[in-house]
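>>> What follows is a predicted structure for the sequence shown.
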Amino acid sequence: MLLNRLVLAIKNQSRETLRAWGYQCESIIAQRSRRVQQLFSFYQSVYGTQGLKQLWRAYYRSEIQPPIRGIMLSAVGLMGLNMKHLGSDGFDWSKERLALSNFDLCQRDIDFINTLSVNQLCERCQAKKMKYCYCMLGNQRCRKGGIVVPPPTSDQMPMKEEQAASISNCQKALDLDARSAPPGQVRIQSEEDRNWEPYFSKNEFSIWRREERSSLYSYKVYARFDDITADDFLHVQTDLDYRRQWDDTALRLELISEDPVPNSNSHLIYWEMQWPRLFANRDYVYCRRYHKDDSKNMIFICSRAAKHTTYPTISGKVRVTDYWSLMVIKPFRGFHEPGLHFVLTYFDDPGIPIPQNIKSWVTQKQMPEFLTKMYVATKNYACSRAIKMKDMFNSFTLINDEYTANDQRGSWLGSLSRHRRKLNDNETER
């Protein structure tokens, strides 16, 4: 009799234990699945598809260990066999990728930022009422070997000592930390040996210009913002979906192709820009690349006009085929902390002769307005991201409260103890 009771108790306890364990596992899996889904939706809305890819790549490099890593490397190897197929859209990234050496052109911009505390105005910058002077540093020339020669003080012919000197001789390699990034081949061509001149200063922006060809100028813009982070500023410039929201001059903005090589951070983009009435809109097909250098605590972005077979010239629009830009972003402290300097240098040939007053209007009015909108967009992005993070953490708290408040989702040990008490009560009644 006692043996039968013991066997029956073991069967009942085992059945109830398995039932409680299964229900507990089901509850935990449901909770974890819901959290993963919310995290995925949250990061996708905040960082976009590109941000998720970068997070996965960083996690893969630092966390995944063999044999999983070996399996993943095998999958990557199989993808590598299909690289040619991925480039079948007509764009050869191995030949059209922008070179990292383009960022060497930003060396003097970095020097300018680093010496702002001792910056002095030249006579021409004083006459233009500029806040800062780029001319004295940007027009500095060197002889071969890096010997610095003072810039000429007038527009007269250079002295004999300066005949062998040029601005390009002063250029030095930045020695970027690019161990895992492909180098690239395409270089930006600019007139390095022509002098910068002050153009105008407005609000927090200082702008200089340099004649690239007859009546065609490149422009250099400096500004600092104290209350936005470098990471947010980079995101606003590289997120095409978000730019469609804040840039009302971007009528079309489409991602044509993305470099399949990891850590290249290169994209081929189509952009249609709205121009004033009586002028045809301009459109661009350009390659963009950015590089985030942790060792130098800087971010670099470069763009250059390109071609693509599926985006030919369109009737009624003027295709800009000569365009390039360079930007260096230097945070005050870290990428995630507020405060940054940036220097933007850009050039584009509109394709047809445009009156000088129109050019001046575009530069003096549209450029500061565009940069101001970009700053406001960065502020809004940071604010919306903070709100989303707060809502997400609140939702996690609600999940935990619902989970712990439900007695049926207690631990399986608690469920088992309640069942034992119930059996004991039944035996007592008997």
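Looks like it came in fine. Model, not experiment: these values are computed from the prediction.

>>> Quick check, residue 304 in contact with residue 269.
No - under the criterion of CB atoms under 8 Å, residue 304 makes no contact with residue 269, lying 11.2 Å away. Where C-beta positions appear, they are placed from N, C-alpha and C, glycine not excepted.

>>> Could you tell me which residues touch both of those two?
286-287 (CB atoms under 8 Å, 6 or more residues apart in numbering).

>>> Flag the shaky bits of the stretch 51-200 of the chain, pLDDT-wise.
51-89, 146, 150-164 (pLDDT under 70).

>>> Which strands and helices lie in contact with the strand ranked longest in the chain?
Of all segments of type strand in the chain, defined using DSSP state E, the longest is strand 216-229. Packing partners of strand 216-229 (3 or more CB pairs under 8 Å, 6 or more residues apart in numbering; DSSP states H and E): helix 107-114, strand 205-213, strand 338-348, helix 367-405.

>>> Using CSV, lay out the ones you listed together with distance to residue 29 and mean neighbour count.
Output for the helices and strands packed on strand 216-229, formatted as CSV (distance: least, CB to CB, whole Å; neighbours: other CB atoms under 10 Å):
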stretch, distance to residue 29, mean neighbour count
helix 107-114, 52, 18
strand 205-213, 55, 19
strand 338-348, 41, 20
helix 367-405, 12, 14
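
>>> okay if I get these as CSV plus distance to residue 124?
Converted to CSV, the helices and strands packed on strand 216-229 look like this (distance: least, CB to CB, whole Å):
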stretch, distance to residue 124
helix 107-114, 16
strand 205-213, 10
strand 338-348, 19
helix 367-405, 20
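
>>> what's the least confident stretch among these?
Ranked by mean pLDDT, the helices and strands packed on strand 216-229 end with helix 367-405 at the bottom, a mean of 76.

>>> one step back: what mean pLDDT does the helix or strand following the longest strand of the chain get?
Where DSSP states H and E defines the elements, the next helix or strand beyond strand 216-229 is helix 230-238. With pLDDT averaged residue by residue, helix 230-238 scores 95.

>>> by how many degrees do helix 230-238 and strand 216-229 diverge?
Relative orientation of helix 230-238 and strand 216-229, computed by axes from the mean of the first three to the mean of the last three CA atoms, to 10 degrees: 130 degrees.

>>> Can you name the element that comes right after helix 230-238?
Next along from helix 230-238, by DSSP H and E: helix 240-246.

>>> how many neighbours does residue 124 have?
16 (other CB atoms under 10 Å).

>>> do the one 10 residues further on as well
For residue 134, the count of nearby residues is 24 (other CB under 10 Å).

>>> so it sits right up against residue 208, yeah?
Yes - the criterion here is CB under 8 Å, and residue 134 meets it with residue 208 at 5.0 Å.

>>> Need the overlap of contacts for those two.
By CB under 8 Å, 6+ apart, the residues touching both residue 134 and residue 208 are 196, 198, 220.

>>> Reformat the residues you listed into JSON lines and put neighbour count next to each item.
Compiled in JSON lines, these are given as follows (neighbours: other CB atoms under 10 Å):
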{"residue": "196", "neighbour count": "24"}
{"residue": "198", "neighbour count": "22"}
{"residue": "220", "neighbour count": "22"}
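
>>> Tabulate the residues you listed (a markdown table), appending distance to residue 90.
Below are those laid out as a markdown table (distance: CB to CB, whole Å):
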| residue | distance to residue 90 |
| --- | --- |
| 196 | 38 |
| 198 | 43 |
| 220 | 34 |
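
>>> Sort out which one of the residues you listed lies nearest residue 288 for me.
Nearest to residue 288 among the shared contacts of residue 134 and residue 208 is residue 220, at 18.8 Å by CB to CB.

>>> quick one: that closest one and residue 250, what's the gap?
23 Å (CB to CB, to the nearest Å).

>>> Count the residues that sit near residue 144.
9.

>>> Give me the nearest residue to it, chain neighbours excluded.
Excluding the flanking residues, the one nearest residue 144 by CB to CB, 6 or more residues apart in numbering is residue 169, at 5.8 Å.

>>> That neighbour - how many residues pack around it?
18.

>>> can I assume it sits in a helix?
Yes - under DSSP: H, G, I helix; E, B strand; the rest coil, residue 169 falls within a helix.

>>> So which of the shared contacts of residue 134 and residue 208 is the closest to residue 94?
Using CB to CB, the shared contacts of residue 134 and residue 208 come closest to residue 94 at residue 220, 31.5 Å.

>>> sorry, back to before: could you double-check that the residue nearest to residue 144 sits in contact with residue 143?
Yes - assessed by CB under 8 Å, residue 169 is found in contact with residue 143 at 6.3 Å.

>>> Give the intersection of the neighbour lists for the two.
Counting by CB under 8 Å, 6+ apart, nothing touches both residue 169 and residue 143.

>>> Please name every helix or strand in contact with the helix or strand containing residue 125.
Take DSSP H and E as the rule and residue 125 turns out to sit in helix 123-127. Helix 123-127 sits against strand 197-202, with contacts defined as 3+ CB pairs under 8 Å, 6+ apart.
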